[in-house]
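**Student:** got a predicted structure plus its sequence, pasted below:
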Amino acid sequence: FGKLKIRGIKEMAVIRPFKAIRPAAQYVDMVAELPYDVMNREEAKEMGEKNKYSFIHIDRAEIDLDDEVDEHDEAVYLKARENLDNFRNNDILVKEKQDCIYIYRETMNGRDQIGLVACVSVDDSINGVIKIHEYTKPDKELDRTKHIKYCNANTGTILLTYKNREKVDELVNFYVKNELPLYDFMSDDGVFHTVWRIDRQQDLDELVSEFDKIPYLYIADGHHRSASAVNVAKEKRLENPNYTGDEEFNYYIAMIAPENNLEVLDYNRVVKDLNGNTKEEFLNKIARKFEIERVAKNKQYKPEQKGTVGMFLDGDWYKIKFDDKSINDPDEVKSLDISILQDNILDDILGIKDPRRDKRIDFVGGIRGIDELEKRVNEDMEVAFAMYPTKLTELMAVADANKIMPAKSTWFEPKVRCGLFLHELD
């Protein structure tokens, strides 16, 4: 970024406490909301109409404007700032009086996802201490960049992961077992959310010190929000050439969860047509590459291990088994199930060269189950592929190799709720 100076670069991860803007306790269950990008405009508007306290009024402010207004119009970002100001002026959102770090636990189907919510360094994103594994789309990145600028706050919490540290786990477990939570509620989807506040200076110092020994953090979910935070920081640094690196705009918020606390779900594919092939031609072309067999009639197939894919076509499920050479490819990206499917079937047979832009393909998060794949094929698609989940170790290996995974390779659940923590930039 030209002559822009990088200050405060370290070779280990930096975290720091912050004065969160967060919901007043009596509003928290109504404010907390799913991330902005997991629903379409119509779904977001319906959610907002049912709940005037929902953070969706800030995250997707177009729902409070005429339907004709483009979701990227400046009016949307002005409305987001107006709604944020209203939430604060009416004490729906309040600002913490001292710097804190938070413990955030989500419990879904009896499984806990727990991590720390703190600020991380923009410089760590720039210099590769915070590692990425996927590209961002320019339009989505620009949208969130404008949203941060107009709101003067990081409004979305990025999900990061790291290789476990015992002392961090010990401190987190102490608070969970011995301290009263700041929030404790269940969202409409049945996920339990519990938050503890860490404000004792000794504990804050210990956490900062422990992360100073962690070489890398990895983005699990939130590449666009992370990139947008960096964009805003770069602009503010140009506007403030004498910046010290300590200003709030040099940091953004993240939930930082150890790798053994995260679960990656499958991210499945549905395709609109067979690219001019008949069903028999399509099956024969797959059979020339991999083992394929039809499963019993009226029986679904969900992959049970790496190297297998379920395929739903014309009312039947098939099991596709990749060859050992493909699975054991030494290249961190080429050995991924998603890559093998993309290169050999989606691209070579179905003609889908760029799944990020091709309108013939759509993606279905594993949280919806494989019943959703059958539903889509019966409604508007012709073939569906059920994937075995990408492993977190595979994600880290790709990031460590400075490579990029195929689009839509991972789906994390439960989703970190938006609106629980905001970080003001000035």
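**Tutor:** The structure has been received and is ready for your questions. Numbers count the residues shown, from 1 in each chain.

**Student:** quick check: Ile198 touching Ile103?
**Tutor:** Yes - here Ile198 reaches Ile103: they are 6.7 Å apart, a contact under CB atoms under 8 Å. (Glycine included, C-beta is placed from N, CA and C.)

**Student:** which other residues reach the helix or strand where Met311 lies?
**Tutor:** Following DSSP states H and E, one finds Met311 within strand 308-313. The set of residues external to strand 308-313 that reach it, using CB atoms under 8 Å, 6 or more residues apart in numbering, is 279, 282-283, 292, 300-303, 317-322, 337, 341, 370, 373-374, 377, 382-388.

**Student:** repeat that for stretch 192-206.
**Tutor:** Residues contacting stretch 192-206 (CB under 8 Å, 6+ apart): 17, 32, 98-108, 117, 167, 171, 175-176, 179-187, 207, 417, 420.

**Student:** regarding that stretch, how distant is the last residue from the first?
**Tutor:** 28 Å (CA to CA, to the nearest Å).

**Student:** next, the buried residues of it.
**Tutor:** 193-198, 204, 206 (16 or more other CB atoms under 10 Å).

**Student:** can you tell me the closest non-neighbouring residue to the most centrally placed residue in the chain?
**Tutor:** Nearest to the mean C-alpha position of the chain, by CA atoms, centre = their mean, lies Asp221 at 2.4 Å. Spatial nearest neighbour of Asp221, excluding adjacent residues (CB to CB, 6 or more residues apart in numbering): Leu159 at 4.1 Å.

**Student:** quick check: the one you found is in a helix.
**Tutor:** No - the assignment for Leu159 is strand, going by DSSP: H, G, I helix; E, B strand; the rest coil, so no helix is present there.

**Student:** that one contacts Asn261, doesn't it?
**Tutor:** No - in this structure, Leu159 is not within contact of Asn261 by CB under 8 Å, at 10.7 Å.

**Student:** okay, and the common contacts of the two?
**Tutor:** Gly115.

**Student:** of the two, which one has the most company?
**Tutor:** Leu159 (22 against 17; other CB atoms under 10 Å).

**Student:** need the overlap of contacts for Ile198 and Ile103.
**Tutor:** Residues within reach of Ile198 and of Ile103 at once, by CB under 8 Å, 6+ apart, are Tyr175.

**Student:** wait, a strand at Pro389?
**Tutor:** No - read with three-state DSSP, Pro389 is coil and lies in no strand.

**Student:** how many other residues sit next to it?
**Tutor:** Applying other CB under 10 Å, we find 18 residues neighbouring Pro389.

**Student:** what of Val333?
**Tutor:** Using other CB under 10 Å, Val333 has 18 neighbouring residues.

**Student:** contacting residues for it?
**Tutor:** Here Val333 is in contact with 339, 398, 401, 403-406 (CB under 8 Å, 6+ apart).

**Student:** and if you look at Thr161?
**Tutor:** Contact analysis of Thr161 by CB under 8 Å, 6+ apart lists 217-218, 220, 256-259, 262, 392, 396.

**Student:** so what pLDDT did it get?
**Tutor:** Per-residue pLDDT puts Thr161 at 97.

**Student:** next: Gly419.
**Tutor:** In this prediction, Gly419 has a pLDDT value of 97.

**Student:** wait, it touches Tyr53, no?
**Tutor:** No - in this structure Gly419 lies outside contact range of Tyr53 using CB under 8 Å: 9.1 Å.

**Student:** where do the helices sit along the stretch 201-350 of the chain?
**Tutor:** 201-211, 223-239, 279-287, 324-327, 337-341 (DSSP state H, counting those that start in this stretch).

**Student:** CSV for those, including distance to Arg41 and mean pLDDT?
**Tutor:** Listed next are these as CSV, based on distance: least, CB to CB, whole Å; pLDDT from 0 to 100:
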stretch, distance to Arg41, mean pLDDT
helix 201-211, 38, 97
helix 223-239, 17, 96
helix 279-287, 35, 98
helix 324-327, 40, 95
helix 337-341, 28, 97
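
**Student:** closest to Tyr150 out of the ones you listed?
**Tutor:** helix 223-239 (10.3 Å; CB to CB).

**Student:** who does that closest one touch, helix- and strand-wise?
**Tutor:** helix 122-127, helix 138-151, strand 158-162, strand 251-258 (3 or more CB pairs under 8 Å, 6 or more residues apart in numbering; DSSP states H and E).

**Student:** how about these in JSON lines, adding distance to Glu82?
**Tutor:** Shown next, in JSON lines, are the helices and strands packed on helix 223-239 (distance: least, CB to CB, whole Å):
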{"stretch": "helix 122-127", "distance to Glu82": "27"}
{"stretch": "helix 138-151", "distance to Glu82": "10"}
{"stretch": "strand 158-162", "distance to Glu82": "25"}
{"stretch": "strand 251-258", "distance to Glu82": "22"}
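
**Student:** the ones you listed: which one's closest to Arg41?
**Tutor:** Comparing these by CB to CB, helix 138-151 comes nearest, at 12.7 Å.
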